[in-house]
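**Q** 3D model of this:
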Amino acid sequence: MDFRLAVMQDLSQLKDMYKQIIKNMNEHDIQIWDDIYPCEFFEEDIKNNRLYVLFNNGEMISAFVVCDTDPGEKAVQWHDNHAKALYINRLGVNIKYSQKGTGSLMLAKAKEVAKGSGAEYLRLFVADINEPAIKFYIRNGFEKVDGAYDEVFDDGFMLHEYGYEIKV
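**A** Model prediction:
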């Protein structure tokens, strides 16, 4: 397995993988990602050295973004608002590798990235309708914090998101 920062040459495979993830989510009535999000953000993520990928024999099997801020970070009550934290976003697992521990492996990698950057917490937001993801994060030791963030998009679509965190 090859875990590393993404490069522009990964973009096509990355978008193809996420399009399959989105299709699968839509089939399970979890309609939170679309043609724009997350795919249109990957190029900027790569340029800013915040998108990590995992390959197995040349095939992309997972990816995530780590950022030092999040639009919803002030909307919830973190355990320690003053602690340094990083935020994991856009975690996706190739559907051929789902339910095989890949997501948990990627969370472990994200915790390593956060710890290596001097962060005390790894945090994230998850839409309230994404019950499989909520169960996944709890199973992996993330704790829900009080409050919620309502992310409103240009077209009026809104996601009600809960904050979760884990000490690294």
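**Q** for this structure, what helix or strand is lowest in average pLDDT?
**A** Lowest on mean pLDDT, DSSP states H and E among the helices and strands of the chain sits strand 149-152, with a mean of 89.
**Q** list the helices and strands that strand packs on?
**A** Here strand 149-152 is seen to pack against strand 158-167 when contacts are counted using 3 or more C-beta pairs under 8 Å, 6 or more residues apart in numbering; DSSP states H and E. All C-beta atoms are positioned from the backbone trio N, CA, C, and that covers glycine.
**Q** Contacts for the strand it packs on next, please.
**A** Around strand 158-167, the neighbours that count as contacts under C-beta atoms under 8 Å, 6 or more residues apart in numbering are 32, 72, 75-76, 78-79, 85, 111, 120-129, 134, 137-138, 140-145, 147-153.
**Q** ok, it: who's next to it in the sheet?
**A** Applying DSSP bridges, strand 158-167 is found paired with strand 121-127 (antiparallel), strand 143-144 (antiparallel), strand 149-152 (antiparallel).
**Q** Out of those, which is the most enclosed?
**A** The highest mean neighbour count among the strands paired with strand 158-167, using mean count of other C-beta atoms under 10 Å, belongs to strand 121-127: a mean of 21.
**Q** and that one, average pLDDT?
**A** Averaging pLDDT along strand 121-127 yields 97.
**Q** Also stretch 29-45?
**A** Averaging pLDDT along stretch 29-45 yields 91.
**Q** can I get the strands paired with strand 158-167 in JSON lines with distance to R4?
**A** Listed next are those as JSON lines, based on distance: least, C-beta to C-beta, whole Å:
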{"stretch": "strand 121-127", "distance to R4": "19"}
{"stretch": "strand 143-144", "distance to R4": "29"}
{"stretch": "strand 149-152", "distance to R4": "30"}
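**Q** L105 contacts L54, correct?
**A** Yes - contact criterion C-beta atoms under 8 Å: L105 and L54 qualify, at 7.4 Å.
**Q** Comparing these two, which residue is more hemmed in?
**A** The neighbour count for L105 versus L54, taken as other C-beta atoms under 10 Å, is higher for L54 (21 against 17).
**Q** Spell out the secondary structure type for E43.
**A** At E43 the chain is in helix, as set by DSSP: H, G, I helix; E, B strand; the rest coil.
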